[in-house]
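Undergrad: Kindly return the folded structure for what I paste below:
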Amino acid sequence: MTTDALLPALTLRVREAAHARAPVCPCQAAAAPGDTTLADRPDGTVVRHAGTVAKAHAADADAAELAGRVTVAARLPGVLLPPLRPSPVALHGRLVTYWPYGTPVDPEDPDAAPWEAAAALLARLHRTAAPTAVPPMRGPAKAAHAVARLRTTAPHHPATAPVLRAWTALPAWARGEAAVPDAAGLCHGDFHLGQLVRHPSPDGSWLLIDVDDLGTGAPAWDLARPAAWYACGLLPPEDWHRFLTAYRAAGGPAVPSNEDPWPALDVPARALTAQTAARAVTKAVEAGRLLDEVEQSLVDACSRMSSVSPSAPHG
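TA: Residues are numbered from 1 along each chain as shown. Next up is the predicted model:
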């Protein structure tokens, strides 16, 4: 079923779910919006009605794996936003999950970005043994998919070669071609500030959302995107310091508590840089435009990476 056909059906379901949670229609309140499409992409269509959110996951989502990930969210309510229903349901060939609405990070107010809260949540997640069976986190597989799309979409673009050189220099596990070493704890798999919302409760706690990539893996992967942004000059040093300091203070196992963190972060940060650059080049080619300044900085970082071998461990 196409997204155009799916959206009305998903909207109807989220209305039903929202109205079932309250004796009076919650969208009648002035502060509670009616139907709002929060995302409409091949990897997920997300619709909100008042305080309820429904997500139709990617068409190729595995039912058993997604059910396990939703169960983890239900059992870790202080870390992950808990679902409103215990397991996914089918809707026109897509798996749908239901969640309470939470207020996201304001992208227009970078100074208020909750780096400390994010770091503490990740540290707690990384210290937690999976409460139920879950597959490996999907970070490396998603990075490999982005690079494969680049090869197909823009094989002759001048930015493609440096991205591919940086990618092929990575160890097999970071390219999704081998098991991740020492993958015992839980990882989010796709962490960035867009994966945080304030809990819809009086204390307004921040929680992690989006369990599609959750699983066991190398905890350093969840620190890799901020690390990559910092290394590329896209994240101010003070924000990176806030994030890393808070993660260490919370006992996060991804990096040593007092030693240089980069031997642990280097390979995942390189992988995330190559993934983000691959996506940037692909989007630019598909839109028929030149790379912008940020996109070019990612490609330039890939060029620099190619001249220096990845660090150990996991190398």
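Undergrad: For this structure, which segments count as helices?
TA: 3-20, 63-75, 115-126, 139-153, 160-168, 220-231, 237-249, 262-287, 293-305 (DSSP state H).
Undergrad: Deepest in the core, which of the ones you listed is it.
TA: helix 220-231 (a mean of 25; mean count of other CB atoms under 10 Å). (Glycine included, C-beta is placed from N, CA and C.)
Undergrad: now the angle from it to helix 139-153?
TA: Angle of helix 220-231 versus helix 139-153, following axes from the mean of the first three to the mean of the last three CA atoms, to 10 degrees, is 60 degrees.
Undergrad: Could you export helix 220-231 as CSV, CA atoms only?
TA: Below are the C-alpha coordinates for helix 220-231, written out as CSV (Å, rounded to 0.1, in the frame of the first residue of the first chain):
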residue,chain,number,x,y,z
ALA,A,220,30.2,3.8,21.3
TRP,A,221,27.9,3.8,18.2
ASP,A,222,25.4,6.0,20.1
LEU,A,223,28.1,8.6,20.8
ALA,A,224,29.4,8.5,17.3
ARG,A,225,27.2,11.1,15.7
PRO,A,226,27.9,13.9,18.2
ALA,A,227,31.6,12.8,18.0
ALA,A,228,31.6,13.0,14.3
TRP,A,229,29.9,16.4,14.3
TYR,A,230,32.5,17.7,16.7
ALA,A,231,35.3,16.3,14.6
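Undergrad: What is that helix packed up against?
TA: Secondary-structure packing of helix 220-231 (3 or more CB pairs under 8 Å, 6 or more residues apart in numbering; DSSP states H and E): helix 115-126, helix 139-153, helix 237-249, helix 262-287.
Undergrad: Which of those sits closest to residue 215?
TA: Residue 215 sits nearest to helix 139-153 of all these, at 8.9 Å, using CB to CB.
Undergrad: Tell me which residues are up against that closest one.
TA: Helix 139-153 is contacted from outside by 160, 163-164, 167, 173-177, 180, 187, 189-190, 213, 217, 221, 224, 268, 271-272, 274-276, 278-279, 281-282, 285-286, using CB atoms under 8 Å, 6 or more residues apart in numbering.
Undergrad: In TSV, list the helices of the chain along with mean pLDDT and distance to residue 206.
TA: Formatted as TSV, the helices of the chain follow (pLDDT from 0 to 100; distance: least, CB to CB, whole Å):
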stretch	mean pLDDT	distance to residue 206
helix 3-20	86	23
helix 63-75	97	15
helix 115-126	98	4
helix 139-153	97	21
helix 160-168	97	33
helix 220-231	96	15
helix 237-249	97	12
helix 262-287	97	22
helix 293-305	96	26
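Undergrad: In CSV: those helices, plus distance to residue 57.
TA: CSV is the format used below for these (distance: least, CB to CB, whole Å):
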stretch, distance to residue 57
helix 3-20, 11
helix 63-75, 6
helix 115-126, 20
helix 139-153, 14
helix 160-168, 27
helix 220-231, 21
helix 237-249, 29
helix 262-287, 20
helix 293-305, 28
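Undergrad: so which of these comes closest to residue 83?
TA: Among those, helix 63-75 comes nearest to residue 83, with 5.3 Å by CB to CB.
Undergrad: how far out from the middle of the chain is that closest one?
TA: Relative to its chain's centre, helix 63-75 lies at 16 Å (CA atoms, centre = their mean, to the nearest Å).
Undergrad: Also stretch 214-227?
TA: When distances are taken as CA atoms, centre = their mean, stretch 214-227 is centred 10 Å away from the chain's centroid.
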